[in-house]
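Visitor: Structure for this input, please:
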Amino acid sequence: MTFQAITTKYIGPRDVRGSRVKATAAAGSLTLDWDDSLNSAENHLAAAQALANKFGWHGHWYSGTIKDGTTVWICSIDKTSNFYVERGLS
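Guide: The predicted structure is shown next:
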């Protein structure tokens, strides 16, 4: 099984669409509507999980945010599906 890094990025509202979050990997992407009942980290996590599930990628996922605000998710090889949000990265 081949894993790819996933990036998630906030997309602000437009005239006809509300805010969204986009998850992207080399294999493809998907965009979810922003869920106001979730905080920012949870919205990014939901998008990353949805993309990983789309491609059947399971394992321990770790995240960090890069300078432009993009969240990057990487997977360690494991048979379970757990997502972890790492704090304190700059």
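Visitor: R20 touches K9, doesn't it?
Guide: No - assessed by CB atoms under 8 Å, R20 is found out of contact with K9, at 9.4 Å. All C-beta spots, glycine's among them, are computed from the backbone N, C-alpha and C.
Visitor: what about A48, how many neighbours?
Guide: Counted with other CB atoms under 10 Å, residues neighbouring A48 total 26.
Visitor: now swap in the one 3 residues further on and tell me
Guide: By other CB under 10 Å, the residues close to L51 number 25.
Visitor: So what's the residue count around H60?
Guide: H60: 14 surrounding residues under other CB under 10 Å.
Visitor: An error on my part: the question was meant for F3.
Guide: Using other CB under 10 Å, F3 has 17 neighbouring residues.
Visitor: give me the low-pLDDT residue ranges for the chain?
Guide: In the predicted model, the chain carries pLDDT under 70 at residues 1-2, 77-90.
Visitor: Spell out the secondary structure type for the residue of the chain most remote from its centre.
Guide: When distances are taken from the C-alpha mean of the chain, D15 lies farthest, 24.6 Å away, according to CA atoms, centre = their mean. Of the three states, D15 takes coil according to DSSP: H, G, I helix; E, B strand; the rest coil.
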